[in-house]
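> Sequence and predicted structure are below.
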Amino acid sequence: MQPINTSMPKPIAAIVALSLACGLTACGNNHLTCNDDEAKKEVLEVIHSHIDKVGGFDSRIKPHLGKRYLSNVSTTESDKELGRYSCTATYNYEFKKKTRTVQISYELKYLEDQKKSQASVSVQPVKTDYFVADAGG
């Protein structure tokens, strides 16, 4: 009598392992986390949409701007099940060829009806620093 082969064929084992991993990590959801590229892109869009509306920005500040990006991203609080995250980061920007940094905080929340995450950002520290930089500070 031959022994029964109880091992799974490799392709099926891989699918089972992937399904299990997805089940445990909510694979396939649209919840963004603090350091996701898409989340950082949305945070920058929120900041820039507010800053670009400030009087004097186009004429005094915008011509002197270079790269603008986030670094040192950190999750300060999270509720993975609900898709809510509180985050901090360093907002970096070049102004008159010098890099300046501002500490910011932002929130990510999952909008169930739209099946996507939304960022809200405290933009006042960035606005203030732009005008301090423009004044020579």
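The structure has been received and is ready for your questions.

> Every contact and neighbour count from this point should use C-alpha atoms.
OK.

> And Lys115, how far from Leu44?
Distance, Lys115 to Leu44, using C-alpha to C-alpha, to the nearest Å: 21 Å.

> try Leu111
Per C-alpha to C-alpha, Leu111 is found 19 Å from Leu44.

> Please, where are all the strands along this structure?
65-79, 84-95, 98-111, 116-121 (DSSP state E).

> Which of Lys115 and Leu44 has more residues huddled nearby?
Leu44 (17 against 11; other C-alpha atoms under 10 Å).

> who's in contact with that one?
Under the criterion of C-alpha atoms under 8 Å, 6 or more residues apart in numbering, the neighbours of Leu44 are Tyr69, Leu70.

> try 10 Å this time
Glu38, Arg68, Tyr69, Leu70, Tyr91, Ala119, Val121 (C-alpha atoms under 10 Å, 6 or more residues apart in numbering).

> ok, now His64?
Contact analysis of His64 by C-alpha under 10 Å, 6+ apart lists Asp58, Glu94, Phe95, Lys96, Lys97, Lys98, Asp134.

> Name the nearest residue to the second one, ignoring sequence neighbours.
On the basis of C-alpha to C-alpha, 6 or more residues apart in numbering, the spatially nearest residue to Glu94 that is not a chain neighbour turns out to be Gly66, at 4.6 Å.

> just for this structure, where's the confidence low?
Within the chain, the stretches with pLDDT under 70 are 1-29.

> partners of the closest residue in space to Arg68 that isn't next to it in sequence in the sheet?
Closest residue to Arg68 apart from its sequence neighbours, by C-alpha to C-alpha, 6+ apart: Tyr93 at 4.3 Å. Beta-bridge pairing for Tyr93 (DSSP bridges): Arg68, Arg100.
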